[in-house]
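*Asks:* one predicted model, sequence on top.
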There are 4 protein chains.
Amino acid sequence: MGGIRARRKAERPGEILEAAFEEFVLKGFAATRLEDVAARAGVTKGTIYFYFESKETLFASTVRELSKPTHAALAEEESDRSADIQAYLQAYLNRLYRFIVDDQRSREILRLLIAEAGRFPELVDEHCRACMDPVIERLRVRLQDETAHGRIRPVSLPEAAEVVLGPALALNILLLMFANRRPLDAEKFIAAHLDLVLHGLLPGS
Amino acid sequence: MGGIRARRKAERPGEILEAAFEEFVLKGFAATRLEDVAARAGVTKGTIYFYFESKETLFASTVRELSKPTHAALAEEESDRSADIQAYLQAYLNRLYRFIVDDQRSREILRLLIAEAGRFPELVDEHCRACMDPVIERLRVRLQDETAHGRIRPVSLPEAAEVVLGPALALNILLLMFANRRPLDAEKFIAAHLDLVLHGLLPGS
Amino acid sequence: MGGIRARRKAERPGEILEAAFEEFVLKGFAATRLEDVAARAGVTKGTIYFYFESKETLFASTVRELSKPTHAALAEEESDRSADIQAYLQAYLNRLYRFIVDDQRSREILRLLIAEAGRFPELVDEHCRACMDPVIERLRVRLQDETAHGRIRPVSLPEAAEVVLGPALALNILLLMFANRRPLDAEKFIAAHLDLVLHGLLPGS
Amino acid sequence: MGGIRARRKAERPGEILEAAFEEFVLKGFAATRLEDVAARAGVTKGTIYFYFESKETLFASTVRELSKPTHAALAEEESDRSADIQAYLQAYLNRLYRFIVDDQRSREILRLLIAEAGRFPELVDEHCRACMDPVIERLRVRLQDETAHGRIRPVSLPEAAEVVLGPALALNILLLMFANRRPLDAEKFIAAHLDLVLHGLLPGS
DNA sequence: TATGAATGAGCTTTCATTCAT
DNA sequence: GATGAATGAAAGCTCATTCAT
């Protein structure tokens, strides 16, 4: 008594969030039917309302809850802070791209946020504060440090950090828009990104 | 013959598309009510169906029709093909950013396409073929030519072209997501973009 | 001038009625769209309203106008009134069945009347007065005459006349209901009808 | 447990079908408003869709469900199979006419089927297989048997069976078309039917 | 005469939400 | 806790009808 049953109960909200996420990703906020979410979670419509106030609350909870792993992962200290900027950037970008290329879930969260930015502005802000800002900020700090020591050319900050990360966000968007309909060689893209960011286009400038 | 009525008639579809665009941008596809579109266009619901088959058709027509000016503008030959790569890129990026920073309409079209990519994949493809591909392609050709003459470092194509343009797309997305809630110094971003792309981070590499 | 054009004009109402009939038969009163009628008649919706007050008027006019040929044909004196009852009945039923078996149009009019009897009761009455009553009445008169002269068994009138004609109406209905989905050997049916009506089931009774 | 709510719940679909039937009979399929059905059943529009997929499904279910009593009654063995053909036919036709004359409901079902035969052909077929065919078939078998033993004149089958039943179907239609606007002496009609079928018109033929 | 753009009431259908059980 | 029958407020869409041209 209270064994598997209790565990199932405790997992209910999580199962509903999983189901909701899949449906929201598939159809968007407005076109998602709570009935489908319920069916996918193996409960009934009423149960959703036991755990969540409304469809909007469910959406917000879904985004918040399912971005947590990404937040956590992005928050981890990257391996080698003492490496030179070249090695650092390489590791940094590689890590970032893992989320973009391999983690469809975090990509879909971004899509939801872009799509529903009008309806959930505070959610967008929250997500960016938790997820994008630290990533940019850490790069900004590093670039500032490198500049101060004259190890890289002087750059305008924080814009340069945003520019450096720009292509990653762009790839994210391209992958979202074309699903699998267009060939995008992610590995070559990443290599080209690193190369360009380090050396620029001009030879020995 | 052809008095005020005829003039109004000829303008009806355009007025409806204009109204539809504003509503779609505000609410997204699913949440937009045709009644609101009609009211905004100064007609009744029935009139919309006189000109457009369905809500989906109206959406597709809206995106297609309202992207035409952007397509046309992007298709124009950029001023100075004979300039060196530095001047060329500067002009090229400046032009591109005009669409991104100044033209809210084309930015909103992009948001609609990202948001509804699942429901209108062919529309996404169409728009990219008409709007993004030529821009990338022209840059790719130029970079190839520059590489062939040894005027820039050898780069992997077409990825390098996509990477070069990446920050522009990224800025686009950031502007979309934050509307006016965050300060984004576009001019500095553009300058940093051009600088980075030309010279890279490393000094005199 | 005024040749083919004038003739076309004079034929307009008739062409509309033809088109309306085909649509009403296909879809029934409520489900028929005036726009389809107009298209079939080669005119526009507005033109229908020039000739007919409303959809209901059009329906009534269609039934009235298109039953006229049937009325006329049924009103004609049947060939041989001086023949004996056997020959008379044979000719009589054969004529009647021509309308039922061969004339899909008059069959469809009947369907329309049955289907819309609730909405157009006066139309039903009118049609029956013009189309069914005279047929029954003529038979009733003949049977009365035959009875009076003792040439047939004494029968209850007018019921007997209605019973004699009953199978014809029944075949009409069966053809309506099954379109061509069921095999119905009309010729054998007619022969059996005549045989039964003349001799009954019992042998030499 | 299972209080008033549970009892009502179990009866809901039946109440809706009952209400739907009355509306369909009154207005026909296309002109019936689901709102009226709901109001008549004492529920709201939404409730109908909880139990039935669509208006078409509701119509088909209505016809199917409400014909069941008739099917069942017609399927019962008629009382006296050992009686001679005359007594048998009398009992047989009397039973049949009970459905036609007394049972307005089954008459209205027939009207619905004739009216909507174009839209619901499979429903027509189904109804006839369940409702008309067995009646005809039983008579055919009996007539065949009688013929084999020489107890009735040789007749062409199955046409003769259909002809024998024809006047009953015809009366059905007449009652449908004229509601109560015309005097139709059903009892005399039935008597005349039986008399004619047994003896025919000709004396001592 | 004839057109066809425009209307607007009304249709079927959907679905977030509630609440008695 | 959980259910699911029921609601009711829309939503998308249709179409008979009108009327300026």
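*Replies:* Happy to help now that I have it. These numbers come from a predicted model, not from an experiment.

*Asks:* give me the number of residues near the residue of chain A found nearest DNA strand F?
*Replies:* Residue nearest to DNA strand F within chain A: A:Gly46 (2.2 Å; Cβ to the nearest atom of the strand). Heads up, the C-betas are built off the backbone N, CA and C, glycines and all. Other residues within reach of A:Gly46 by the criterion other Cβ atoms under 10 Å in any protein chain shown amount to 9.

*Asks:* can you tell me the element it falls in?
*Replies:* Secondary structure from DSSP states H and E places A:Gly46 in helix A:45-51.

*Asks:* got it, and A:Leu113?
*Replies:* Counting by DSSP H and E, the element that carries A:Leu113 is helix A:104-115.

*Asks:* what is that helix packed up against?
*Replies:* On a contact count with 3 or more Cβ pairs under 8 Å, 6 or more residues apart in numbering or on different chains; DSSP states H and E, helix A:104-115 meets helix A:4-27, helix A:55-75, helix A:121-127, helix A:159-178, helix B:104-115, helix B:159-178.

*Asks:* returning to that earlier point: any bit of the helix holding A:Gly46 sitting next to DNA strand E?
*Replies:* Yes. Shown here: helix A:45-51 in contact with DNA strand E (Cβ under 7 Å from any atom of the strand) through A:Lys45, A:Gly46, A:Tyr49.

*Asks:* need the contact list for the first one.
*Replies:* Looking back up the chat, that one is A:Lys45. A:Leu34, A:Glu35, A:Ala38 (Cβ atoms under 8 Å, 6 or more residues apart in numbering or on different chains).

*Asks:* which of the residues you listed tops the neighbour count?
*Replies:* A:Ala38 (20 neighbours).

*Asks:* okay, that one and chain D: tell me how far apart.
*Replies:* 15 Å (Cβ to the nearest Cβ, to the nearest Å).

*Asks:* name the nearest residue to that residue, ignoring sequence neighbours.
*Replies:* Spatially, and ignoring its direct neighbours in sequence, A:Ala38 is nearest to A:Lys45 (4.8 Å; Cβ to Cβ, 6 or more residues apart in numbering or on different chains).

*Asks:* same question for A:Pro167.
*Replies:* B:Gly166 (3.0 Å).

*Asks:* count of residues packed around that neighbour?
*Replies:* 27.

*Asks:* gap between it and C:Phe59?
*Replies:* In this view, B:Gly166 and C:Phe59 are 66 Å apart by Cβ to Cβ, to the nearest Å.

*Asks:* so which elements touch the lowest-mean-pLDDT helix or strand in chain A?
*Replies:* One helix or strand of chain A scores below all others by mean pLDDT, DSSP states H and E: helix A:4-27, with a mean of 82. Applying 3+ Cβ pairs under 8 Å, 6+ apart, one finds that helix A:4-27 contacts helix A:34-41, helix A:45-51, helix A:55-75, helix A:104-115.

*Asks:* chain neighbours aside, what residue packs nearest to A:Leu202?
*Replies:* In space, A:Leu202 is closest to B:Leu198, 5.3 Å off (Cβ to Cβ, 6+ apart).

*Asks:* wait, A:Gly204 touches B:Gly204, no?
*Replies:* Yes. The criterion here is Cβ atoms under 8 Å, and A:Gly204 meets it with B:Gly204 at 6.7 Å.

*Asks:* which bits of chain A sit near DNA strand E?
*Replies:* Contact residues (Cβ under 7 Å from any atom of the strand) of chain A with DNA strand E: A:Ala31, A:Thr32, A:Arg33, A:Leu34, A:Glu35, A:Lys45, A:Gly46, A:Tyr49, A:Ser54, A:Lys55, A:Glu56.

*Asks:* quickly check these for the two that are furthest apart.
*Replies:* With Cβ to Cβ as the measure, no two of these lie farther apart than A:Ala31 and A:Gly46, at 21.6 Å.

*Asks:* pLDDT weak spots in chain A?
*Replies:* For chain A, the stretches flagged by pLDDT under 70 are A:1-9, A:77-80, A:205.

*Asks:* run the last query once more with 80
*Replies:* Where chain A drops to pLDDT under 80, the residues are A:1-11, A:75-81, A:179-180, A:204-205.

*Asks:* residue nearest the centroid of it?
*Replies:* Residue closest to the average C-alpha location in chain A (Cα atoms, centre = their mean): A:Ser106, at 4.1 Å.

*Asks:* go through the helix or strand hosting A:Val197 and flag the buried ones.
*Replies:* Element membership for A:Val197 (DSSP H and E) is helix A:186-199. In terms of neighbour count (16 or more other Cβ atoms under 10 Å in any protein chain shown), helix A:186-199 has its buried residues at A:Lys188, A:Phe189, A:Ile190, A:Ala191, A:Ala192, A:His193, A:Leu194, A:Asp195, A:Leu196, A:Val197, A:Leu198, A:His199.
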